[in-house]
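# Attaching a predicted model along with its sequence, questions to come.
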Amino acid sequence: MRVLIAEQDHVEYQRLLQAAAPQLELVVGEGAALAEQATDCPIWLGEPDKFANLLRAGHKPAWLQSSWAGITPLLADDLPQDYSLTRAVGVFGQIMAEYVLCHMLAHERELAARQQAQRERRWDGRLPGSLAGRRVLIVGTGEIGAAVARFLQPFNVELSGVASSPRTLAPFTEVVALGELPRLVAQADYVVNLLPNTPATRDIYDAALLACFKPTAVLINAGRGTSVVDEDLVAALAAGRLAAAVIDVCREEPLPPGHPFWTARNLTLTGHSAAPTLPHLLVELFLANLQRYQTGAELHGLVDFARGY
């Protein structure tokens, strides 16, 4: 069976797949060479943006395994949707949780201020805060959000969540619908956005919602840049309506040189690095899905094109 690989780290993917499934015929290409190979490959594996142009040119797989959790480039109106598309699921939980925990602890321990004090050769003996008892709101309690919550639970935080509809889900004390976001935001010390990019999730962190934040609260956006109204966040930080923001994802990437995020008060940019795809985990997912594909079972992470995820 021929598998077309379009990945920046394609050498590592080839190595892992050849070791685990030597019966597969692996095809790698770039640009025009990729298009030449696509016709005879029923299975595609890799980055959605690399495959969008192939689909636009009339090529189409039977099944495409994305190496990203998000598949926005493949949802364009001019692209076909009559094939099986699967997102990367079950591979980002811990690494995303490490990112969130890293920045929460950095805020509690005031690492940036202490580094600045060291540069100024000024002794900073302030006592740090603690995560114990902090209220953490995770907006987007899917597979990644639930994994982040489980990772944070041992730090004695109070966990609440927002999903498409209310539900009971451990370890959250409550999970409510998106319409109740202002109520929970007003109670939270940390708001962690992990929402996908859908019409319902665009521009939700606007001036009205940011006005609900506690002035001591921190927003961490590792979901999609389209969830945040950039100018409203910059204004809210400047006015002290929230203490800080950590922004991993932006509407335009790379961020343009003149964008106000570069110089915004108490805003940390992390360059879309929160949860990179680890090749060995993605290969495990792909091979498990390949077995399901061959037996006709439902694929893990199968995308509903109508919902966009």
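Looks like it arrived, so ask away.

# what's next to the worst-scoring helix or strand of the chain on mean pLDDT, contact-wise?
Across the helices and strands of the chain, mean pLDDT, DSSP states H and E gives its lowest value to helix 32-38, namely a mean of 81. Residues from elsewhere that reach helix 32-38, judged by Cβ atoms under 8 Å, 6 or more residues apart in numbering: 4, 6, 27, 29, 44, 50, 53-54, 57, 59, 61. In short, each C-beta sits where N, CA and C put it, glycine included.

# Stretch 62-72 now?
Defining contact as Cβ under 8 Å, 6+ apart, one finds that stretch 62-72 is touched by 7, 42-48, 51, 74, 83-89, 92, 144, 196-197, 224, 275, 277, 282, 285-286, 289, 293, 299, 301, 303, 308-309.

# how about a cut-off of 7 Å?
Among residues not part of stretch 62-72, those counted as contacts by Cβ atoms under 7 Å, 6 or more residues apart in numbering are 7, 42-48, 51, 83-88, 92, 144, 196-197, 224, 277, 282, 286, 289, 293, 303.

# Excluding residues flanking it in the chain, which one is nearest residue 249?
Of all residues not flanking residue 249 in the chain, residue 225 sits nearest, at 4.3 Å (Cβ to Cβ, 6 or more residues apart in numbering).

# ok, the one you found - contacts?
Counting by Cβ under 7 Å, 6+ apart, residue 225 touches 249-251.

# So among those residues, which ones count as buried?
Burial of the contacts of residue 225 was assessed by neighbour count (16 or more other Cβ atoms under 10 Å); the buried members are 249-250.

# In space, not sequence, find me the middle residue of the protein.
Centroid-nearest residue in the chain: residue 223, 4.3 Å away (criterion: Cα atoms, centre = their mean).

# in the chain, which spans are helices?
Ranges of helices within the chain are 10-20, 32-38, 48-56, 93-108, 111-119, 143-152, 181-185, 207-210, 230-238, 279-295, based on DSSP state H.

# and these, which one's lowest on average pLDDT?
By mean pLDDT, the lowest-scoring of those turns out to be helix 32-38, with a mean of 81.

# got the buried residues for that helix?
Of the residues in helix 32-38, those scored as buried under the neighbour-count criterion (16+ other Cβ under 10 Å) are 34, 37-38.

# can you check stretch 1-12 too?
Using 16+ other Cβ under 10 Å as the burial criterion, the residues of stretch 1-12 that qualify are 3-7, 9-10.

# quick revisit: please identify the deepest-packed of the helices of the chain.
When you average the neighbours per residue for each of the helices of the chain (mean count of other Cβ atoms under 10 Å), helix 143-152 leads with a mean of 22.

# For the closest residue to residue 243 other than its chain neighbours, give its distance to residue 266.
Closest residue in space to residue 243, ignoring its immediate chain neighbours: residue 216 at 5.1 Å, by Cβ to Cβ, 6+ apart. Residue 216 sits at a distance of 12 Å from residue 266 (criterion: Cβ to Cβ, to the nearest Å).

# Who has more neighbours out of these two?
More neighbours sit around residue 266 than around the other of residue 216 and residue 266, counting by other Cβ atoms under 10 Å; the figures are 15 against 12.

# So that one is in contact with residue 237, correct?
Yes: Residue 266 is in contact with residue 237 according to Cβ atoms under 7 Å; the separation is 5.5 Å.

# ranges for the strands of the stretch 201-309 of the chain?
Counting by DSSP state E, counting those that start in this stretch, residue ranges of the strands within the stretch 201-309 of the chain are 218-221, 244-247, 267-269.

# Each with direction, which strands does the last one pair with?
Based on DSSP bridges, the strands next to strand 267-269 in the sheet, each with its direction, are strand 244-247 (parallel).

# what's the partner strand in contact with?
Here strand 244-247 has contacts from 103, 107, 218-221, 233, 237, 261, 266-270, using Cβ under 7 Å, 6+ apart.

# Rebuild the residues you listed as CSV, extending it with distance to residue 175.
As requested, those are exported to CSV (distance: Cβ to Cβ, whole Å):
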residue, distance to residue 175
103, 23
107, 24
218, 21
219, 19
220, 18
221, 19
233, 25
237, 28
261, 30
266, 29
267, 28
268, 28
269, 29
270, 26
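
# how about those residues, which pair is most distant?
The widest separation within the contacts of strand 244-247, taken as Cβ to Cβ, falls between 107 and 261 and amounts to 17.8 Å.

# Could you chop this structure up by domain?
As assigned by the TED database, the chain contains the domains 2-90+277-307, 93-269.

# hmm, back to that, right, and out of the buried residues of helix 32-38, which lies closest to residue 123?
Of all those, the one with the least separation from residue 123 (Cβ to Cβ) is residue 34, at 57.6 Å.

# From residue 94, how far out is that closest one?
Shown here: residue 34 relative to residue 94, a distance of 32 Å by Cβ to Cβ.

# Alright, that wraps it up for me.
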